[in-house]
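Participant: can you look at this prediction? I've put the sequence above it.
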Amino acid sequence: MTEIQKYNFENGAQLAETLANHVSEAVSAGIAARGRASLVFSGGGTPVRLFRQLASRPISWGDVTITLSDERWVDEDSIDSNAAMLRRELLSGDATAAEFIGLKTEQETPEEAETECARRLSAIPLPYDLVVLGMGTDGHTASLFPGAANLDKALDPDNPRPCIAARPPGAAQPRMSLTLANLLNCQRLVLLISGEDKRRVLEMALESGPVEDMPVRALLRQSDVPVDIFWAP
């Protein structure tokens, strides 16, 4: 069973400060162990406070490589781009020294870009020192969505591919996502959620039921990597 530790906070600011400490410690450990740290972050609005906290931390950013858990297949000038949000909220000031590996390529579709994206990801030191993921109210994480056509491949723990094209049902844009096996190639994993709705979804995910119905269950049921759950209202 997964080693799960839950951290509940009174507000988002308190959560962001504590999680920033968590990330800083992971970076220091990675640099001490092999001279370079690697981090994976989710997109969306939930981690913005964390990014703003981290941007002001005295971290050895020049020794850090960062990538995303997933990306919408849009250019970086789009408001829907996770890379644009990361550059705006985190990669400023001293943090611009960090190496950022984006998932969006010049290919027209994410399916055509899987090989190029995998090549980019191969340059990142593994295991990741820390992976910070979010969760949707449908139980998805990264871009591993219930009902996606290739979800079985994305969730296959033996899938050697680091990334996979994703076309969530009803979504406006296709996406690129790290596979479950790649996400779990880490020292520690954080699930970052906020709000009462998502706390109820998390409680459902911790109950029995098919992983395919709530892909976040794949993180909560594996036995390889400890999971820290950070929640605030």
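Facilitator: Nice, thanks for sending it over. This is a predicted model, so every value here is computed, not measured.
Participant: show me where this structure has helices.
Facilitator: Assigned by DSSP state H, the helices in the chain fall at 12-34, 48-55, 82-89, 110-121, 151-155, 180-183, 196-205, 217-221.
Participant: need the winner for burial among the ones you listed.
Facilitator: Each of those was scored by mean neighbour count; the highest is helix 180-183, a mean of 24, by mean count of other C-beta atoms under 10 Å. Heads up, the C-betas are built off the backbone N, CA and C, glycines and all.
Participant: got any ranges where this structure has weak pLDDT?
Facilitator: For the chain, no stretch is flagged by pLDDT under 70.
Participant: sorry, back to before: reformat the helices of the chain as CSV; add distance to residue 174.
Facilitator: CSV is the format used below for those (distance: least, C-beta to C-beta, whole Å):
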stretch, distance to residue 174
helix 12-34, 29
helix 48-55, 24
helix 82-89, 14
helix 110-121, 5
helix 151-155, 13
helix 180-183, 19
helix 196-205, 24
helix 217-221, 21
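Participant: out of those helices, nearest to residue 231?
Facilitator: Smallest distance to residue 231 across the helices of the chain (C-beta to C-beta): 6.0 Å, for helix 196-205.
Participant: what is that closest one packed up against?
Facilitator: Contacts defined by 3 or more C-beta pairs under 8 Å, 6 or more residues apart in numbering; DSSP states H and E place helix 196-205 against strand 189-194, strand 227-232.
Participant: redo the ones you listed as a markdown table? Include mean neighbour count and distance to residue 80.
Facilitator: Shown next, in a markdown table, are the helices and strands packed on helix 196-205 (neighbours: other C-beta atoms under 10 Å; distance: least, C-beta to C-beta, whole Å):
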| stretch | mean neighbour count | distance to residue 80 |
| --- | --- | --- |
| strand 189-194 | 23 | 20 |
| strand 227-232 | 20 | 25 |
